[in-house]
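[1] one predicted model, sequence on top.
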Amino acid sequence: HVQLVESGGGLVQPGGSLTLSCAASGFTLSSYWMYWVRQAPGKEREWISSILTPGTTSYADSVKGRFTISRDNAKNTLYLQMNSLKSEDTALYYCARFRLVSTSNQFFDYWGQGTQVTVS
């Protein structure tokens, strides 16, 4: 039974930091591409960071240099360290598992329930 459970969200002042966690169960986290995606009120979901199976990381321009994605293979947990938070970072943050079946068949197959981050 695959499950992703996020935690670590909360209310933080501008310039502050938070670390989000995404505990995975039912599969080995390091065997999949994993993503952090956020959705602000009234806006579409926005990809913000990913970590591929070899450990290669990528970031959206909006968070580059401020956010760091990582994983702990022993704990089977994904993290997002967020520094220098801004009001525009306020959103519901999700972790998601990505499946690349082929170049024409790729999708997110599992999502967590989300954790709210409010910067104010």
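    Yes, it's here.

[2] can you tell me the element the residue most central in space within the chain falls in?
    Nearest residue to the geometric centre of the chain (Cα atoms, centre = their mean): Trp36, 2.1 Å. For Trp36, the enclosing helix or strand under DSSP states H and E is strand 33-39.

[3] that strand pairs with which strands, and in what direction?
    Within its sheet, and counting by DSSP bridges, strand 33-39 is paired with strand 46-51 (antiparallel), strand 91-102 (antiparallel).

[4] minimum distance to Cys22: which of the ones you listed has it?
    Closest approach to Cys22 among those is made by strand 91-102 (3.4 Å; Cβ to Cβ). All C-beta spots, glycine's among them, are computed from the backbone N, C-alpha and C.

[5] run through the strands of this structure in chain order.
    3-7, 10-12, 18-25, 33-39, 46-51, 57-59, 67-72, 77-82, 91-102, 105-111, 115-119 (DSSP state E).

[6] just to revisit the earlier point, pretty sure the residue nearest to the centre of the chain contacts Thr57?
    No. Taking contacts as Cβ atoms under 8 Å, Trp36 lies outside contact range of Thr57: 10.6 Å.

[7] anything in contact with each of those two?
    Common contacts of Trp36 and Thr57, defined by Cβ atoms under 8 Å, 6 or more residues apart in numbering, comprise Ser49, Ser50, Ile69.

[8] which parts of stretch 44-61 are buried?
    The neighbour-count criterion (16 or more other Cβ atoms under 10 Å) identifies Ile48, Ser49, Ser50, Ile51, Tyr59 as the buried residues of stretch 44-61.

[9] now do the contacts for the last one.
    To tie it back to what came earlier, the one meant is Tyr59. Taking Cβ under 8 Å, 6+ apart, we find Tyr59 in contact with Ile48, Ser49, Gly65, Phe67, Ile69.
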